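Undergrad: no FASTA, just this:
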């Protein structure tokens, strides 16, 4: 079955640590996105990528980094520079960033302990 | 300024009744797309329906329809014959400047929580 796989589902991080969230898709989509969701709020865009080896900052990129070395993969690293990283993170992909819907993964819930 | 506004933080509806979830948007582009997503308590985002600014007719997908009023910049979601499984968060989203070839991010509203009562 085609889809988007995020791992892990739950992640705990100590203060000062970097952590990497995985996002893999087998939909052959060019565009991929990372969103952050805080309780009771909508989704805010962290980074997006239209093609391999190219990505753009979204609205809240500070403290995060990404890479796009393969079409299928778009990992997100939450660095120690991110002051409030506890949130729900959603990865998405779409055929292209036009009039097609984005498909989402199941999300990763990150908690700083 | 808010690009997508969902003014109803929470809505209640009786099972089998219809419900309308409001969404207004702000853009100066001529070509844009509007999306509705459902987010159950499990967290995944489920695509429901899409409306292009260039579409003459309102979009429909099964029990979901989109009441698109371009002049008012509104794209309300109508769910007919509500079911208990419809209880979830619902998000309106927009993608602007669809055909410029540049990066067109998907912008989300804050969401509306719908509760369907038996």
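TA: That came through, no problem. Everything numeric in this text was worked out from a predicted model, so none of it was measured.
Undergrad: And whichever residue of chain B sits closest to chain A, what's its pLDDT?
TA: Chain B approaches chain A most closely through residue B:45 (3.9 Å), counting by Cβ to the nearest Cβ. For the C-beta atoms, the positions are set from N, CA and C on the backbone; glycine is no exception. At residue B:45, the model reports a pLDDT of 93.
Undergrad: Now residue B:44: closest residue in space that isn't a chain neighbour?
TA: Spatial nearest neighbour of residue B:44, chain neighbours left out: residue A:106 (5.1 Å); criterion: Cβ to Cβ, 6 or more residues apart in numbering or on different chains.
Undergrad: what about the one you found, which helix or strand?
TA: When elements are assigned from DSSP states H and E, residue A:106 belongs to no helix and no strand.
Undergrad: Return the list of helices and strands in contact with the least confident helix or strand in chain B by mean pLDDT.
TA: The weakest-scoring helix or strand in chain B, judged by mean pLDDT, DSSP states H and E, is strand B:106-108 (a mean of 88). On a contact count with 3 or more Cβ pairs under 8 Å, 6 or more residues apart in numbering or on different chains; DSSP states H and E, strand B:106-108 meets strand A:43-51, strand B:88-95.
Undergrad: Give the other helices and strands that the helix or strand residue B:115 falls within contacts.
TA: Assessed by DSSP H and E, residue B:115 sits inside strand B:112-117. Judged by 3+ Cβ pairs under 8 Å, 6+ apart, the packing partners of strand B:112-117 are strand B:10-14, strand B:19-21, strand B:88-95.
Undergrad: Could you figure out how far that strand is turned away from strand B:10-14?
TA: Relative orientation of strand B:112-117 and strand B:10-14, computed by axes from the mean of the first three to the mean of the last three Cα atoms, to 10 degrees: 30 degrees.
Undergrad: Kindly compare burial across the helices and strands packed on strand B:106-108 and name the winner.
TA: Highest mean neighbour count among those (mean count of other Cβ atoms under 10 Å in any protein chain shown): strand B:88-95, with a mean of 24.
Undergrad: ok now that strand, how far from the chain's centre?
TA: Distance of strand B:88-95 from the chain centroid (Cα atoms, centre = their mean, to the nearest Å) equals 5 Å.
Undergrad: Next, the angle strand A:43-51 makes with it.
TA: Using the same axes, to 10 degrees: strand B:88-95 against strand A:43-51 is 50 degrees.
Undergrad: Give me the sheet partners of strand B:88-95 and which way each runs.
TA: Note on strand B:88-95: by DSSP bridges, its sheet partners are strand B:33-39 (antiparallel), strand B:106-108 (antiparallel), strand B:112-117 (antiparallel).
Undergrad: And stretch B:42-61, how far out from the chain middle?
TA: Mean C-alpha position of stretch B:42-61 versus that of the full chain (Cα atoms, centre = their mean) differs by 7 Å.
Undergrad: For the residue nearest to residue A:73 when sequence neighbours are not counted, give its distance to residue A:109.
TA: Spatial nearest neighbour of residue A:73, chain neighbours left out: residue A:24 (5.4 Å); criterion: Cβ to Cβ, 6+ apart. Distance of residue A:24 to residue A:109, given as Cβ to Cβ, to the nearest Å: 18 Å.
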